[in-house]
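**Q** okay, here's the prediction I keep looking at, along with the sequence it came from:
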Amino acid sequence: EDGQYDAAIELSQRAQALAELLGVPDVLSYALNTEACAIADQGGDWIPLMHRALQIAFSERLQEHAGRAYANMHATYCIQRRFEEAERCFAEGIAYCDEHDIGTYGVCLRGARTGALQSTGRWKESASLSMELLAHGGASPVNRINPLTSLGKVRARQGAPGCWEWLDKAAAAAEGNGEPQWLVLVRLARAEAYWLEGESASATREAELADDACARMDAWGRGAVAVWLRRTGSRRPPRGDLAEPYRLQIEGDHEKAARLWTALGCPYEAALAQYDTAREAGLREALAIFTELGASAAARLTRHKMRLLGIRSIPAGPRTATRAHPLGLTRREREVLGLICAGHTNAQIAAKLFISAKTVDHHVSAVLAKLDAPTRDVAASHAARLGLVGAAEK
């Protein structure tokens, strides 16, 4: 947790050797889990170790250790932006934890999921889950940081009131915990919120506080800090190697970075990468994505930047069709809904609309959320009952 990865790996391996010699499976599972986390933080191949830790927990009926393995595996997938694997891990892990009444790790899984949902543009689901976790009051202070931060970020991006209520609580919890991963997460969220409000000095200060804590973080953490330092006007240089999308942004290749973010299923990050360019096409793409997501604060900044650059015919707000639609479905979401109603799979929808499967996943999730439908079949039923199918197919 404090960045001493080599020491953690050495101690974990010694513990494993002793545990195997003495036949203590709980220690063996715990040590494998710990080594996997340390290797992941260094960018190494952590998955085989974590799977072994989980399998030992299964075979020896070590339910708490299995819960810990699921929670750490899911969190690591999320950190590395491997959201498809994270989704599968969450489904398996939460089913296991709920079945065996492992409350602590169930809360960990759900807390990390709020961030994954927020990162992949499923903001309504993220906010709903965050509120649920915070309302029940069962989460420890550290397990409240993820939902507090996710909720604050969604509110800030939407330009909705109340984001600071959540971000102030998140900062207090992170400072009380003191671990770099939480300090960086919260400080960057606050930097973004200030940036969206036009408070440039405060945004820079928060980004630099994140930088103060990020020296021993992985390439994803360092990359996020580097980009927000640049975006908020700080003159501090990046620290060490950066994850590829962030590295490309720092190097000025915003279009390629945006493509990578899109492939990872992170539409808001893709839009931010396009925002950072001074090219009209990139800014128009950023504005379209922000508008589709309901990121009104970022859309406002994008329009302002476009006006400063002398760009003409700037869209003034959400498309008329989106505003007029009874459920606020965008044009693309209406197309996806029509294909859902026609019984098409996500792969078939991707082929018909010439978009990636991950983008289809994002649109399907948005459609289900707006129709308040747990499944595709229920969404199709709701659409037929509400008379939306014809409109979706136009």
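**A** Happy to help now that I have it.
**Q** can you give me the helices for the stretch 151-300 of the chain?
**A** Taking DSSP state H, counting those that start in this stretch to define them, one finds helices in the stretch 151-300 of the chain at 163-177, 180-196, 200-213, 219-231, 244-251, 254-264, 267-275, 280-293, 296-308.
**Q** other residues contacting the fifth one?
**A** It refers to helix 244-251. The contact list for helix 244-251 (C-beta atoms under 8 Å, 6 or more residues apart in numbering) reads 219-220, 222-224, 226-227, 230, 238, 241-242, 254, 256-257, 260-261, 264, 269, 273, 276. The way it works is simple: take the backbone N, C-alpha and C, and place the C-beta from them, glycine included.
**Q** select only the buried ones of the residues you listed in PyMOL?
**A** Per 16 or more other C-beta atoms under 10 Å, the buried members of the contacts of helix 244-251 correspond to this PyMOL selection:
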select buried, resi 219+220+222+223+224+226+227+230+238+242+254+257+260+261+264+269+273+276
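**Q** need the helices of the stretch 151-300 of the chain in a markdown table with mean pLDDT, can you?
**A** Shown next, in a markdown table, are those (pLDDT from 0 to 100):
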| stretch | mean pLDDT |
| --- | --- |
| helix 163-177 | 95 |
| helix 180-196 | 97 |
| helix 200-213 | 97 |
| helix 219-231 | 97 |
| helix 244-251 | 97 |
| helix 254-264 | 95 |
| helix 267-275 | 96 |
| helix 280-293 | 94 |
| helix 296-308 | 95 |
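**Q** now render those helices as CSV, adding distance to Gly67.
**A** As requested, the helices of the stretch 151-300 of the chain are exported to CSV (distance: least, C-beta to C-beta, whole Å):
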stretch, distance to Gly67
helix 163-177, 20
helix 180-196, 20
helix 200-213, 28
helix 219-231, 24
helix 244-251, 31
helix 254-264, 27
helix 267-275, 30
helix 280-293, 33
helix 296-308, 37
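**Q** tell me which of those sits nearest to Gln16.
**A** If you check each of these against Gln16 by C-beta to C-beta, helix 180-196 wins as the nearest, at 24.4 Å.
**Q** most centrally placed residue in this protein?
**A** Here the mean C-alpha position of the chain is nearest to the C-alpha of Ser119 (C-alpha atoms, centre = their mean), at a distance of 2.7 Å.
**Q** indicate which one of the helices of the stretch 151-300 of the chain is closest to Leu32.
**A** Comparing the helices of the stretch 151-300 of the chain by their distance to Leu32 (C-beta to C-beta), the top pick is helix 180-196, with 20.8 Å.
**Q** what's the angle from the closest one to helix 163-177?
**A** Per axes from the mean of the first three to the mean of the last three C-alpha atoms, to 10 degrees, the angle that helix 180-196 makes with helix 163-177 is 160 degrees.
**Q** what is helix 180-196 packed up against?
**A** In this structure, helix 180-196 makes packing contacts with helix 145-158, helix 163-177, helix 200-213, helix 219-231, helix 296-308, judged by 3 or more C-beta pairs under 8 Å, 6 or more residues apart in numbering; DSSP states H and E.
**Q** now with 6 Å?
**A** Packing partners of helix 180-196 (3 or more C-beta pairs under 6 Å, 6 or more residues apart in numbering; DSSP states H and E): helix 145-158, helix 163-177, helix 200-213, helix 219-231.
**Q** just the ones you listed: most buried one?
**A** Ranked by mean neighbour count, these are led by helix 145-158 with a mean of 26 (mean count of other C-beta atoms under 10 Å).
**Q** what separates that one from the chain centre, distance-wise?
**A** Chain-centre distance of helix 145-158: 11 Å, with C-alpha atoms, centre = their mean, to the nearest Å.
**Q** how far away is the closest residue to Ile289 other than its chain neighbours from Glu179?
**A** The shortest distance from Ile289 to any non-neighbouring residue, by C-beta to C-beta, 6 or more residues apart in numbering, is to Ala271 (3.8 Å). According to C-beta to C-beta, to the nearest Å, Ala271 and Glu179 sit 30 Å apart.
**Q** so for these two, which residue has more residues nearby?
**A** Between Ala271 and Glu179, Ala271 has the larger neighbour count (other C-beta atoms under 10 Å), namely 29 against 15.
**Q** now do the contacts for that one.
**A** Listed by C-beta atoms under 6 Å, 6 or more residues apart in numbering, the contact partners of Ala271 are Ala286, Ile289, Phe290.
**Q** PyMOL command for the buried members of these?
**A** Here is the PyMOL command that selects only those of the contacts of Ala271 that count as buried (16+ other C-beta under 10 Å):
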select buried, resi 286+289+290
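**Q** before we move on, back to that, distance to Glu85 added to the helices and strands packed on helix 180-196, as a markdown table?
**A** Formatted as a markdown table, these follow (distance: least, C-beta to C-beta, whole Å):
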| stretch | distance to Glu85 |
| --- | --- |
| helix 145-158 | 18 |
| helix 163-177 | 26 |
| helix 200-213 | 26 |
| helix 219-231 | 15 |
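**Q** dihedrals phi and psi, the residue nearest to the centre of the chain?
**A** With angles defined as degrees, to the nearest 10, Ser119 sits at phi -70, psi -30.
**Q** that one reaches Gly265, doesn't it?
**A** No: proximity of Ser119 to Gly265 does not meet the contact threshold set by C-beta atoms under 6 Å, at 7.9 Å.
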